[in-house]
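S.K.: Here is a sequence with its predicted model. Questions after.
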Amino acid sequence: MVRGVVRSVATVVVLVLVPSACGSDHKQGAATPTVASQGPSSTTAPTAGGTVFVGKVRGTPAYIAVGIGKSGDAVVYVCDSARLVAYLRGSSSGSSVRLTEAGGIKVAATVNGAEATGTVTLSDGTGHGFRAARATGDAGYFRIHRRTGNVVTLGGWIRLADGSVRGALSKVTVSSTDPAQVGVTSEPAGASVPPDAVPLKFGGRLLCGIAGFEFKRIRDRFVSGEPGVTRDQVDAAQEKMTEACSAAA
């Protein structure tokens, strides 16, 4: 761990082939990526165990997916296919969702019938409203989490009802180094949803690749000296990553 405690299980090094991609926060004035609009594909979006809402984040090129499980678990994904990718998870309270991502991005949402509305607050403190409709037909939130040997492929895509897509794809390399050495960049992959991507499923364990993202984000904030971020938070994130990636081995 960060404190130098040696563990006999795998930790994660996150490496991606393309360095100029999702992973840092969106800034005002960033170029809007060109995203192809597509018709229905073979990847449809029935979500197991809950409901997904998808929409646009105002004032940014990003899309958002808000998932509410039948048991109260909540999942949020935000991506602009260029610079911003954030995975958030936690629990809902009635019709309300309040989640904070390890990099400091916050999402507050309220579900009302067939839509979810709320605000995405980026780590620079800027807030952006959103309105997301219940995903039906080919719209939805799709993921890939695939492990081959020491490499985990992690991808997330949001497809709206008009067929437009935002997404990112990462390669996660798992090693036994300690303390963990983690670097996260992601390859933009937003023009279409790959045929092997699957709709969000609720109730599963923490994914190795997402745990790697969480550890990297909180560690970067700690190293930068951000007030309120503690070494204990970093250690806890590494413990979760270690457990998730060992279970995925």
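M.R.: Ah, there it is. Numbers count the residues shown, from 1 in each chain.

S.K.: Which helix or strand contains Thr110?
M.R.: Per DSSP states H and E, Thr110 falls inside strand 106-112.

S.K.: Now do the buried residues in the helix or strand just after that strand.
M.R.: Scanning forward in sequence from strand 106-112 by DSSP H and E, the next helix or strand is strand 115-121. Using 16 or more other CB atoms under 10 Å as the test for burial, strand 115-121 gives Ala116, Thr117, Gly118, Val120, Thr121. Any C-beta I mention is one placed from the backbone N, CA and C, and that applies to glycine too.

S.K.: now the residues you listed in JSON lines, with pLDDT?
M.R.: As requested, the buried residues of strand 115-121 are arranged in JSON lines below (pLDDT from 0 to 100):
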{"residue": "Ala116", "pLDDT": "97"}
{"residue": "Thr117", "pLDDT": "97"}
{"residue": "Gly118", "pLDDT": "98"}
{"residue": "Val120", "pLDDT": "98"}
{"residue": "Thr121", "pLDDT": "97"}
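
S.K.: Could you point out which residue ranges in the chain have low pLDDT?
M.R.: Scanning the chain for pLDDT under 70 picks out 1-48, 149-150, 172-188, 190, 247-249.

S.K.: Which parts of it are strands?
M.R.: In chain order, the chain shows strands spanning 11-14, 50-57, 63-69, 73-79, 85-93, 96-100, 106-112, 115-121, 127-134, 140-148, 151-159, 165-175, 187-188, 198-199, with DSSP state E as the criterion.

S.K.: would you turn those strands into JSON lines with distance to Phe222?
M.R.: Output for those, formatted as JSON lines (distance: least, CB to CB, whole Å):
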{"stretch": "strand 11-14", "distance to Phe222": "16"}
{"stretch": "strand 50-57", "distance to Phe222": "27"}
{"stretch": "strand 63-69", "distance to Phe222": "27"}
{"stretch": "strand 73-79", "distance to Phe222": "22"}
{"stretch": "strand 85-93", "distance to Phe222": "18"}
{"stretch": "strand 96-100", "distance to Phe222": "15"}
{"stretch": "strand 106-112", "distance to Phe222": "18"}
{"stretch": "strand 115-121", "distance to Phe222": "20"}
{"stretch": "strand 127-134", "distance to Phe222": "24"}
{"stretch": "strand 140-148", "distance to Phe222": "26"}
{"stretch": "strand 151-159", "distance to Phe222": "23"}
{"stretch": "strand 165-175", "distance to Phe222": "21"}
{"stretch": "strand 187-188", "distance to Phe222": "26"}
{"stretch": "strand 198-199", "distance to Phe222": "34"}
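
S.K.: Out of the ones you listed, flag the one nearest Gln233.
M.R.: The stretch from those with the least distance to Gln233 (CB to CB) is strand 96-100; that distance is 11.5 Å.

S.K.: Run through who's touching the closest one.
M.R.: 66, 68, 74, 76, 88-90, 106-111, 116, 118 (CB atoms under 8 Å, 6 or more residues apart in numbering).

S.K.: Describe which strands that strand pairs with in its sheet and in which direction.
M.R.: In the sheet containing strand 96-100, its partner strands are strand 85-93 (antiparallel), strand 106-112 (antiparallel), by DSSP bridges.
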